[in-house]
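Let's see this in three dimensions:
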Amino acid sequence: MLSAMLFAVVASILLGGVMTLGDWAWAALEIRHRIANGLIHGAVMCLCLGLAVGVRAGRPGLAAVAGPVIGVIAAASFYALAPMLRWSAMFPAWMLLWILFAVLQQRLSKQEAIGTALLRGVIAALASGAAFYAISGIWVNDTHASPNLMRHFGAWTFAFLPGFIALFFALPPARRGR
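Below you'll find the model as predicted:
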């Protein structure tokens with residue numbers, strides 16, 4: 001059984017790898033930024049994020065179904081806000097997904113009250129939102145044709161870590177056999 005901190009670090013590294021692979025695909029395959037592509041990207045990212053939450057809660061199957069739904073909701077919120085906020089709409093969308101994953105974790109594990117889960121989600125959203133803001137230059141400072149993938153991997157891992165720490169801190173892993 002992994003400690004909450006170790007689980008958060010491992011999940012962050014894995015998600016950092018997934019997102020770096022996504023950044024590579026956008027560049028190498030010259031994927032144009034269209035709403036459908038963004039929704040798919042959000043769904044895949046959140047499938048993986050959902051699996052991390054689900055494995056920790058002892059219910060990966062249900063989380064694998066809920067994760068992409070959360071991803072589409074978060075990505076859709078970006079596209080709804082983008083006409084007003086432009087690329088800054090990424091930050092509230094990023095924060096929304098952490099709040100939704102905190103609620104998912106609560107529903108899966110039933111180890112804390114919904115109010116506590118919402119507070120955990122807000123903390124994850126603020127901490128990870130700040131980290132996400134700190135790394136957001138990775139798309140601006142790289143050429144789209146040739147991103148620095150090690151830089152992206154480190155940045156993504158850093159952006160996910162505070163969210164996972166907030167979600168998993170002081171919450172024991174679920175017992176198997178439900």
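
Please make it C-alpha for all contacts and neighbour counts, starting now.
Noted.

What are the boundaries of the helices in the chain?
Per DSSP state H, the chain carries helices over the ranges 4-28, 35-57, 60-85, 90-109, 114-135, 149-168.

In a markdown table, list these along with mean pLDDT and mean neighbour count.
Shown next, in a markdown table, are those (pLDDT from 0 to 100; neighbours: other C-alpha atoms under 10 Å):
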| stretch | mean pLDDT | mean neighbour count |
| --- | --- | --- |
| helix 4-28 | 92 | 19 |
| helix 35-57 | 92 | 21 |
| helix 60-85 | 95 | 19 |
| helix 90-109 | 94 | 23 |
| helix 114-135 | 93 | 20 |
| helix 149-168 | 94 | 22 |
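
Would you agree A82 is in contact with P92?
No - counting by C-alpha atoms under 8 Å, A82 stays clear of P92, with 10.4 Å between them.

how far away is the closest residue to G54 other than its chain neighbours from G71?
Distance criterion C-alpha to C-alpha, 6 or more residues apart in numbering; nearest residue to G54, sequence neighbours excluded, is P60 at 3.9 Å. Separation of P60 from G71 (C-alpha to C-alpha, to the nearest Å): 16 Å.

ok, now G115?
From G115 over to G71 (counting by C-alpha to C-alpha), the distance is 22 Å.

now F168
Distance, F168 to G71, by C-alpha to C-alpha: 20 Å.

wait, isn't A166 in contact with R120?
Yes - counting by C-alpha under 8 Å, A166 touches R120, with 6.1 Å between them.

Distance check, the closest residue in space to Y79 that isn't next to it in sequence against M84.
Spatial nearest neighbour of Y79, chain neighbours left out: I35 (7.2 Å); criterion: C-alpha to C-alpha, 6+ apart. Distance of I35 to M84, given as C-alpha to C-alpha: 16 Å.

center of this protein, which residue is that?
Note on the chain: the residue nearest the mean C-alpha position is L49, at 5.4 Å, using C-alpha atoms, centre = their mean.
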